[in-house]
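Undergrad: Output the structure for:
(4 chains)
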Number of protein chains: 2
Amino acid sequence: MSSRPTLAAVAARAGVSPSTASLAFADSPRVAPATRERVLAAAAELGYAGPDPLAASLRRGRSGVVGAFIGERLLYAFRDPVALQLLDGISEVLSAHDVGLLLLAGDVGRPSTSQIARIPLDAAIFATCGLEDDPALGQLRARGVPIVAVEGPAFEGVAMIDIDDRGGTRELARHLYDLGHRRVEVVAMPLRLDGTRGPVTPQRRARAHYRDVRHRIEGVEDVFGPVPIYETSSNAVDEGAAAARLLLDLPAAQRPTAIIAQSDVLAAGVLRAAAELGLRVPDDLSVGGFDGADLHWLAPARLTTVVQPSEEKGRAAARAAMELVAGGDPADVLLPVALRIGTTSGRAPSSDRSARW
Amino acid sequence: MSSRPTLAAVAARAGVSPSTASLAFADSPRVAPATRERVLAAAAELGYAGPDPLAASLRRGRSGVVGAFIGERLLYAFRDPVALQLLDGISEVLSAHDVGLLLLAGDVGRPSTSQIARIPLDAAIFATCGLEDDPALGQLRARGVPIVAVEGPAFEGVAMIDIDDRGGTRELARHLYDLGHRRVEVVAMPLRLDGTRGPVTPQRRARAHYRDVRHRIEGVEDVFGPVPIYETSSNAVDEGAAAARLLLDLPAAQRPTAIIAQSDVLAAGVLRAAAELGLRVPDDLSVGGFDGADLHWLAPARLTTVVQPSEEKGRAAARAAMELVAGGDPADVLLPVALRIGTTSGRAPSSDRSARW
DNA sequence: CGTGGCTGTCGAATCGATTCGACAGTGAGG
DNA sequence: CCTCACTGTCGAATCGATTCGACAGCCACG
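TA: Purely as a prediction, here's the structure:
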């Protein structure tokens, strides 16, 4: 009664060897049906619930757990609908493999390295955080844990899942250009997680941590050349609104006629600020986003945005992880994006056609 | 070069026994500083990243992983800000213990039992799902995995974390009663996860799966007696709006003067539907919620709601889990809630004072 | 100089399974 | 009747650490 029964106890009771009992639980075809029954019956009598996952894991060399690095506190990270979809995609694939999804949330000043040392991981997915200077990266590599990077930087031996951030933004920028916009401004997601917000200097930009952020800037520049960039300190609606209030509270002639937000969440903030300032969208201001998130509370407006397959991105990441665990060498993935034109983009105000900064 | 070095290899290289090497990595005071250095140096030379978590787990009998049962797909579950805060609280405490948080998301028709059998869990927290008929419950108990239930039903040997759902709703109901409301209606969260929506019959109610839902109904009845209840199929804004459209699209004399939504998310939907129908809040309709979530996009309205300490609930659950893992017997927790009066509740329309259904 | 008490290191048992190769038994085919 | 090919069961090695009690050596004190 003290401790749980072991496989050996069950085997003894069923009158077979432990190896046979193990085979029985593994549903191996090499064990006779009658024997299996006997083992299962013995297990039932003893209240044995199946092989201990820990022991099995040790023997197999796999824990059945894949870690997803979130980088921020869950609370903030999941305000971003894209992060959620990503995780949902990951979860879907892992579940199908009976593999668990472990969340590794960053906490301020608390690198997750001590957790990594203690928690058995079969693979790690850098889901929503850059990894260039993450100490966890070194730890994991030293441990031989396979790594998948979602929109992370290329590293040797790290599987990459990417989307066409640059091409997508370029398409969006082109769309706005064709509508006559010449004074555009970018509201960017954080370049690093250090609480900074404000206009982005070249120095700052050179130290950008996140790959997607950089690429989404480059896409705009492909069309417009250098444009002012305003960095937010967090990918949140309020941040987008705060940024836009600064950028838009100017005489019409100095105001941008279009704002390209690097995410739908930021774009939502921009729309809110515009409304507060009495600007009509898209008559006075066009707004573009990125993600294709379903922001129900924007209705009836439909955001012009670049749709990315967030869930598929998650699925691809999880598939790559499973392949790595199995010893394979998954190819890098580049997923396509598509411009979706909504009701928040329109012709530039006529007085502004072809005017530049 | 083929496989990772083991502790034994490091010990050999350092010229000590494996036991001493183990002590060195555990930072035991019983090992001489010089020896520790030697071991660490040997480890560095061999590229040994520390003891294998799996082997350590087996020996210790703990995996360092706690599972949180989510019940729904992540995508839907985390649309609920309360679920997020709860998880954030859990994550915070677990991190502090270097314990990992594993997400067990339910998928339609896919009980997570097969995952449970394969993944080593030190404890399980039923975070956002009832557990009465959950097959996972039996599995876990058979395995001897300690269980914490957040607002779940009382079970022997299961630690309970609860909030005063009934008392809180009662206070809210009292507030509305005092404002003269007599025709109130409840928009309820799902009683079970089976996609049902519509008026709640006594039969349906008797089969309610979720404890908090039941208690939040009882709180209203404590003040108003039996009231009509409309069940939604999911705790989402759209669902709240859909329900409210049905309840409110009536002549003023038949319409409820107040709607008590069982969550802030549902309440947000109710507000939206009211706006669509041209009803002024709180002049024509008062709306109350539950949770105290920050729904920024409701601004400038401030929802009258019952504030619950969601993060603390998560922290308490995680603390209970850690205590159970350590062999303790944590006391059940009942957290207080508080009515927060906002701008969505006001006096009942005068013609309706004291009129009843 | 003998002995008691510390400090630091080591042996060996243990955690609970998986799995490979060996082997016994059985039925069929020559 | 002998042998070959299966089928099903078993032994034993292994996965990689942790931990308790034993023990050796050293210093200090009597």
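Undergrad: Please report how far the residue nearest to A:Y76 when sequence neighbours are not counted lies from A:R73.
TA: Excluding the flanking residues, the one nearest A:Y76 by CB to CB, 6 or more residues apart in numbering or on different chains is A:S234, at 6.5 Å. For the C-beta atoms, the positions are set from N, CA and C on the backbone; glycine is no exception. According to CB to CB, to the nearest Å, A:S234 and A:R73 sit 11 Å apart.
Undergrad: what about the closest residue to A:R245 other than its chain neighbours, neighbour count?
TA: In space, and not counting its chain neighbours, A:R245 is closest to A:A273: 4.6 Å by CB to CB, 6+ apart. Neighbourhood size, A:A273 [other CB atoms under 10 Å in any protein chain shown]: 26.
Undergrad: just to confirm, which helix or strand has A:A273 in it?
TA: Following DSSP states H and E, one finds A:A273 within helix A:264-276.
Undergrad: if we can go back for a sec, surely the residue nearest to A:Y76 is within a strand?
TA: No: under DSSP: H, G, I helix; E, B strand; the rest coil, A:S234 falls outside any strand and is assigned coil.
Undergrad: these two touch, right, it and A:R192?
TA: No: the pair A:S234 / A:R192 is not scored as a contact, 11.6 Å apart, by CB atoms under 8 Å.
Undergrad: Could you check the pLDDT of A:G219?
TA: Looking at A:G219, its pLDDT is 97.
Undergrad: tell me the contacts of the closest residue to it other than its chain neighbours?
TA: Using CB to CB, 6+ apart and skipping residues adjacent in sequence, the residue nearest A:G219 is A:T169, 2.8 Å away. Applying CB atoms under 8 Å, 6 or more residues apart in numbering or on different chains, we find A:T169 in contact with A:215-220, A:260, A:290, A:306.
Undergrad: How about the residues of the stretch 201-350 of chain A by chain B?
TA: Residues of the stretch 201-350 of chain A lying close to chain B (CB under 8 Å from any CB of the partner chain) are A:237-238, A:268, A:272, A:296-297, A:311.
Undergrad: Try it again at 6 Å.
TA: A:237, A:296-297 (CB under 6 Å from any CB of the partner chain).
Undergrad: Just the buried ones from these?
TA: Neighbour counting with 16 or more other CB atoms under 10 Å in any protein chain shown marks A:V237 as buried within those.
Undergrad: can you list the residues of the stretch 201-350 of chain A next to chain B in TSV and add distance to A:Y210?
TA: Output for those, formatted as TSV (distance: CB to CB, whole Å):
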residue	distance to A:Y210
A:V237	19
A:H296	27
A:W297	26
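Undergrad: A:R30: which of the residues of the stretch 201-350 of chain A next to chain B is nearest?
TA: Of all these, A:H296 has the smallest distance to A:R30: 54.6 Å, by CB to CB.
Undergrad: that older thread, now pLDDT and secondary structure too, for the residues of the stretch 201-350 of chain A next to chain B, in a markdown table please.
TA: Below are those laid out as a markdown table (pLDDT from 0 to 100; DSSP: H, G, I helix; E, B strand; the rest coil):
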| residue | pLDDT | secondary structure |
| --- | --- | --- |
| A:V237 | 91 | helix |
| A:H296 | 73 | helix |
| A:W297 | 73 | helix |
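Undergrad: Strands of the stretch 251-357 of chain A, start to end?
TA: With strands called from DSSP state E, counting those that start in this stretch, the stretch 251-357 of chain A shows them at A:258-261, A:286-288, A:305-307, A:333-335, A:338-340.
Undergrad: most tightly surrounded among those?
TA: Here the criterion is mean neighbour count by mean count of other CB atoms under 10 Å in any protein chain shown, and of those the winner is strand A:258-261, at a mean of 31.
Undergrad: Only alpha carbons, please: show it as CSV.
TA: Taking C-alpha atoms only, strand A:258-261 is exported to CSV below (Å, rounded to 0.1, in the frame of the first residue of the first chain):
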residue,chain,number,x,y,z
ALA,A,258,-0.7,56.5,-44.1
ILE,A,259,0.6,54.5,-41.2
ILE,A,260,2.0,51.1,-41.6
ALA,A,261,1.8,49.2,-38.3
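Undergrad: gap between it and the chain center?
TA: Once both centres are worked out by CA atoms, centre = their mean, to the nearest Å, strand A:258-261 turns out to sit 22 Å from its chain's centre.
Undergrad: got the contact list for that strand?
TA: Contacts to strand A:258-261, defined as CB atoms under 6 Å, 6 or more residues apart in numbering or on different chains, come from residues A:176, A:181, A:184-187, A:220, A:267, A:270, A:286-289.
Undergrad: Around the residue nearest to A:E311 when sequence neighbours are not counted, how many other residues sit close by?
TA: The spatial neighbour of A:E311 that comes closest, neighbours along the chain excluded (CB to CB, 6+ apart), is A:G89 at 3.8 Å. For A:G89, the neighbour count with other CB under 10 Å is 23.
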